[in-house]
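Enquirer: need coordinates for the below:
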Amino acid sequence: MLFWIPDVIRDPDAIYLNGHKVVAGDEIYVKVFDKKGSKVKLVFTMDIRKKGKIISTVPVTSFLTNSDRALQMVKGTPLYRRK
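Expert: So this is what the prediction gives:
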């Protein structure tokens, strides 16, 4: 597992619906870092449901990208945004 996944899931800057056309998942957790190069860490997650209720959320994949590319992968307005 990539070491940053737990941190991004516990303390995201934003959470969006997944708008990526290839990567499966329900939501994208986003964390922006103050560093050179790829500054945005994305974690794609999938909800595991039982009888219609979410019983667990699991990471599908994660990678570094830039903010322009990240905006192309998300859908709509944030479900959550850090204040």
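Enquirer: strands of this structure, start to end?
Expert: Applying DSSP state E to the chain gives strands spanning 14-18, 27-32, 40-50, 53-65, 74-81.
Enquirer: mean confidence for the longest one?
Expert: Just to be clear, that refers to strand 53-65. Strand 53-65 shows a mean pLDDT of 93.
Enquirer: name every strand pairing with it and say which way it goes.
Expert: Taking DSSP bridges as the criterion, strand 53-65 forms sheet pairs with strand 40-50 (antiparallel).
Enquirer: tell me the buried residues in the strand it pairs with?
Expert: Neighbour counts over strand 40-50 (16 or more other Cβ atoms under 10 Å) mark 40-46 as buried. Where you see a C-beta, it was placed from the backbone N, CA and C, and this is true even at glycine.
Enquirer: got the CA positions of that strand in CSV?
Expert: Extracted as CSV, the C-alpha positions of strand 40-50 are listed here (Å, rounded to 0.1, in the frame of the first residue of the first chain):
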residue,chain,number,x,y,z
VAL,A,40,-1.9,16.7,-5.7
LYS,A,41,-2.4,13.2,-4.2
LEU,A,42,-5.6,11.4,-5.3
VAL,A,43,-7.1,8.3,-3.7
PHE,A,44,-10.0,6.6,-5.5
THR,A,45,-12.3,4.8,-3.2
MET,A,46,-15.1,2.3,-3.6
ASP,A,47,-18.0,1.8,-1.2
ILE,A,48,-18.8,-1.8,-0.2
ARG,A,49,-22.5,-2.1,0.4
LYS,A,50,-24.7,-4.7,2.0
